[in-house]
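> Sequence and predicted structure below; questions after.
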Amino acid sequence: MINGQKNFKELNNTIVLYADNYINDTEGEKLEEICDDFLGKGIKNFIINFSGTELVNSIGISILIGIIEKIKDEKGVIVFSELNKINHSIFTVVGLTKHIRVSKTEDEALKLLENHRD
Amino acid sequence: MDINLEKFLFNLNTLAELGEEMASPKGFDNSVKSALYMVMGSFFASKGIIFGYDRDKKIFSPLASKGVGNANEVTLQLPEEVIKEFVKYNRPFDVKSDDPIVSVLGPARAELEKFHARIIVFLIVSDELLGLISINDKFSGEEYTAYDFQLLSVMAQHISFSFYSHSLLKRLMHKYSENKNLCENLVCAYYDTIHAFAAAIDAKDAYTRGHSYRVSSYSSALAREMGLFKEEVEGIRIAGLLHDIGKVAVDKSIINKASSLTKYEWSELYSHPVVGYEILSKIKFPWKGIPITTRNHHERIDGSGYPDRLKKLNIPMGARIMALVDAFDAMTTDRPYRRRLTFMEAMDQIKENLNKQFDPDIVYTFISIVRKEARNEADNPSIIPLLSEHEQLDSVFIEKLFEGFPKVH
């Protein structure tokens, strides 16, 4: 919960995190804590949905790196979905796209993870 | 757009946000944490820590960290001469490089490596060491470039200035706190001196022991009830303690004389408000009106008082209050020349002298306080508990007593 809003959902053994604009504040590290909790429960598939995120700043990048590192350490998979052009461009510039998968929509990301399981 | 240009713009935006963050009012600890995240995000680092340097204790302690586990208890120490070296060097360096500055770190290097330190930059303003930032290898596996070092240097400068302001503010707050304590001690000493004076005044007269204290208590209760400002109430309270200070110049034998006074003795006694005024006028009180209240506390509403024969509202408010409570206390305590009056007898005297000696507004306020105290409605009763017959003064008695009193207009 961030500011009283639930910012994740669990679907078919996959956690979808909603980055919104919280990701750009140190409060966004709560998303990292959610990942920690589910990784601890054995869940390894994660989607971060950026549909509510206008622009990711350096704080957001730092939080995302923390999330990616934790998921990678546990041999999990992470997919970024619904990235706008600017955010996609930022992730490319900072080299983040080399470490994650990207899909246009959340459904597409879920299918990608389904196929990954197969 | 060219990727380098995009990266440059991203970093430029980070610098703008960092400047804004360090000047934000959300609190130093939160700003430092945000600053660390910004540095880590800019260099794609997953582990980082910012230490603050305590120049008194000569230790570094963590202010914010990410990805390094619990670092709260860790402290770092560097010898004075090592610190001087880093202040002189004043730029980021790679712990894994062959730069000679790395060896200057000494044993602290191993400590920093526990936090996966790869790049370190000390936070310095005007040759004053304020802290350090340590970040690990880039998550991408890429090497740090000369551009990265330049960017980190600029970011460290931004953060250093914030540390410097915070350190100045802390020192200022420390000084403020020291001065505040000093001031409080002085105020205590001030009050102690005033109380000592009051005790000295009362000690001159065996019959008036505690008189100044009671006059002070009654008069401040009246001033409060009349809605005066806190500072005015305090001024009247202090004037109550000191109103008879002029009696120190009057011979003790006159003050304690049981038989009637001679003309000379009366003139001596009458001089005490003016003598008191002269003594108190030389003191710079933090409250207004203490000397003049002392001078005029024997004035009467009808103009027949002394020393200035002032009438009605020409008599300062504090002095009108003091005139009533001084007379009330004199009436309700034993004197060398007569026994004390009961509360009822004293109130009869006051009623008789309403509009002659006493200001009716002050008298009605006095009655209002006594009523409240008798009904247990007063937070801090200041009159009834000081009367020797206080146990008999319940609300039924008081209400009955005031039945025949002229109505409040």
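Received it, and whenever you're ready, just let me know what you need.

> Next secondary structure after the longest helix belonging to chain A?
When chain A is parsed with DSSP state H, its longest helix is helix A:58-73. Following helix A:58-73 in sequence order, the next helix or strand is strand A:77-81 (DSSP states H and E).

> Can you pull out the low-pLDDT segments for chain A?
Scanning chain A for pLDDT under 70 picks out A:1-6, A:117-118.

> now swap in chain B and tell me
Chain B contains residues with pLDDT under 70 at B:1, B:3, B:206-207, B:391, B:406-409.

> need the residues of it near chain A, please.
Residues of chain B lying close to chain A by C-beta under 8 Å from any C-beta of the partner chain are B:1, B:3, B:6-7, B:10, B:13-14, B:17, B:30, B:33-34, B:37-42, B:44-46, B:66-67, B:139-140, B:142. Bear in mind the C-beta positions are built from the backbone N, C-alpha and C, glycine included.

> Show the buried residues in these.
B:6-7, B:10, B:14, B:17, B:33-34, B:37-42, B:44-46, B:66-67, B:139 (16 or more other C-beta atoms under 10 Å in any protein chain shown).

> Which ones among those map onto helices?
B:6-7, B:10, B:14, B:17, B:33-34, B:37-42.

> How about B:I83, nearest residue that isn't a chain neighbour?
The shortest distance from B:I83 to any non-neighbouring residue, by C-beta to C-beta, 6 or more residues apart in numbering or on different chains, is to B:L129 (5.5 Å).

> Please identify the buried residues of the helix or strand hosting that neighbour?
Applying DSSP H and E as the criterion places B:L129 in strand B:128-135. Buried positions in strand B:128-135, judged by neighbour count with 16+ other C-beta under 10 Å: B:129-135.

> Spatially central residue for chain B, please.
Residue closest to the mean C-alpha point of chain B, counted by C-alpha atoms, centre = their mean, is B:K180 at 6.8 Å.

> do you know how far it is from B:W287?
20 Å (C-beta to C-beta, to the nearest Å).

> and the longest helix of chain A, what other elements does it pack with?
helix A:29-40, strand A:45-49, strand A:77-81, helix B:3-22, helix B:28-43 (3 or more C-beta pairs under 8 Å, 6 or more residues apart in numbering or on different chains; DSSP states H and E).

> CA atoms only for the last one - export them in CSV, please.
Only the C-alpha atoms of helix B:28-43 are listed here, as CSV (Å, rounded to 0.1, in the frame of the first residue of the first chain):
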residue,chain,number,x,y,z
PHE,B,28,17.4,16.7,6.1
ASP,B,29,17.3,12.8,6.5
ASN,B,30,14.7,12.4,3.7
SER,B,31,16.6,14.7,1.4
VAL,B,32,19.8,12.8,2.0
LYS,B,33,18.0,9.5,1.2
SER,B,34,16.6,11.0,-2.0
ALA,B,35,20.0,12.4,-2.9
LEU,B,36,21.5,8.9,-2.5
TYR,B,37,18.8,7.4,-4.7
MET,B,38,19.4,10.0,-7.4
VAL,B,39,23.2,9.4,-7.4
MET,B,40,22.6,5.6,-7.6
GLY,B,41,19.9,6.0,-10.3
SER,B,42,22.2,8.3,-12.3
PHE,B,43,25.1,5.8,-12.3
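
> tell me the angle it makes with strand B:128-135.
If you take axes from the mean of the first three to the mean of the last three C-alpha atoms, to 10 degrees, helix B:28-43 sits at 50 degrees to strand B:128-135.

> Could you list the residues in contact with the helix or strand following helix B:28-43?
Remark: after helix B:28-43, the chain's next helix or strand is strand B:48-54, criterion DSSP H and E. With contacts defined as C-beta atoms under 8 Å, 6 or more residues apart in numbering or on different chains, strand B:48-54 is touched by B:32, B:35-36, B:39-40, B:59-68, B:71, B:76, B:115, B:117, B:123, B:129-136, B:159, B:163.

> ok, strand B:48-54: who's next to it in the sheet?
Sheet pairing of strand B:48-54 (DSSP bridges) gives strand B:59-66 (antiparallel), strand B:128-135 (antiparallel).

> still on that earlier bit, show me the two of the ones in helices among the buried ones among the residues of chain B next to chain A that sit farthest apart.
Using C-beta to C-beta, those span at most 26.8 Å, a distance reached by B:E6 and B:K33.

> Would you mind listing what in chain A touches chain B?
Proximity of chain A to chain B, by C-beta under 8 Å from any C-beta, involves residues A:25-26, A:29, A:57-63, A:65-66, A:68-69, A:89-90, A:92-96, A:98-99.

> at 6 Å what do you get?
When proximity is defined as C-beta under 6 Å from any C-beta of the partner chain, chain A approaches chain B at A:26, A:58-59, A:61-62, A:65, A:69, A:90, A:93-95.

> any chance of the residues you listed in TSV, plus neighbour count?
Compiled in TSV, the residues of chain A next to chain B are given as follows (neighbours: other C-beta atoms under 10 Å in any protein chain shown):
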residue	neighbour count
A:T26	19
A:S58	27
A:I59	27
A:I61	27
A:S62	30
A:I65	26
A:E69	16
A:I90	24
A:V93	20
A:V94	25
A:G95	16
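
> distance of A:L17 from B:V82?
In terms of C-beta to C-beta, A:L17 sits 44 Å off from B:V82.

> who's more crowded, the two?
More crowded of A:L17 and B:V82, by other C-beta atoms under 10 Å in any protein chain shown: A:L17, with 21 against 14.

> quick one: secondary structure of the more buried one?
Of the three states, A:L17 takes strand under DSSP: H, G, I helix; E, B strand; the rest coil.

> Of all residues in the stretch 251-400 of chain B, which one is closest to chain A?
Among the residues of the stretch 251-400 of chain B, B:D379 lies nearest to chain A; the distance is 41.5 Å by C-beta to the nearest C-beta.

> who are the neighbours in contact with that residue?
With contacts defined as C-beta atoms under 6 Å, 6 or more residues apart in numbering or on different chains, B:D379 has no neighbours.

> dump the residue contacts of the closest residue to chain A within chain B.
Per C-beta to the nearest C-beta, B:G41 is where chain B lies closest to chain A, at 3.2 Å. Neighbouring residues of B:G41 by C-beta under 6 Å, 6+ apart: A:58-59, A:61-62.

> just curious, which of those is nearest to B:S271?
Nearest member of the contacts of B:G41 to B:S271, counting by C-beta to C-beta, is A:I59, at 78.1 Å.

> is it true that that closest one touches A:N24?
Yes - using C-beta atoms under 6 Å, A:I59 is in contact with A:N24, at 5.4 Å.

> My guess is B:L76 contacts B:A108. True?
Yes - counting by C-beta under 6 Å, B:L76 touches B:A108, with 5.3 Å between them.
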